[in-house]
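1. just a sequence and a predicted model for now, questions to come.
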Amino acid sequence: MRAQLLMLTGRSYRARRAIAAFFAAQHAITAAEAIRYVPRTPAEREAFEDLQTRGLVRSAGEQTYFMLLPAYDAYEDARRRRLVPLVIGGAVLVALVAMLFYRG
């Protein structure tokens, strides 16, 4: 439940994006290219633990990690597929409410 709640918060999404960007910038995408990583904020720590739990970030030894970018991309695509219908439904609901109050 906590992981699902984290998924919906913008803070955790920004933290996940920042972590993914850091690993991509350092080219830490294989075990041979693993890097040391220490989360800087509580949000990054929670997002990092979530990424590890989902198997998107793997350990390659003593506090060195690498990210499986194809798996991360698939995870983000699945997340978008779940959220797009919710956003569209919310937009339609706002439009319907606006139409109820329209006096033309």
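-> In hand now; what should we look at?

2. and for A43, nearest residue in space, chain neighbours not counted?
-> Distances taken as Cβ to Cβ, 6 or more residues apart in numbering put A15 closest to A43, at 4.4 Å, once the chain neighbours are dropped. To be clear about C-beta, it is placed using only N, CA and C from the backbone, and glycine gets the same treatment.

3. please report how far that neighbour lies from Y102.
-> Distance, A15 to Y102, using Cβ to Cβ, to the nearest Å: 40 Å.

4. which one of the two is surrounded by more residues?
-> Higher neighbour count among A15 and Y102: A15, with 24 against 7, using other Cβ atoms under 10 Å.

5. burial measure for R36, as a count.
-> With other Cβ under 10 Å as criterion, R36 counts 11.

6. could you do R45 as well?
-> Quick note: R45 (other Cβ under 10 Å) scores 13 neighbours.

7. can you give me the helices in this protein?
-> Per DSSP state H, the chain carries helices over the ranges 2-8, 10-25, 42-53, 69-100.
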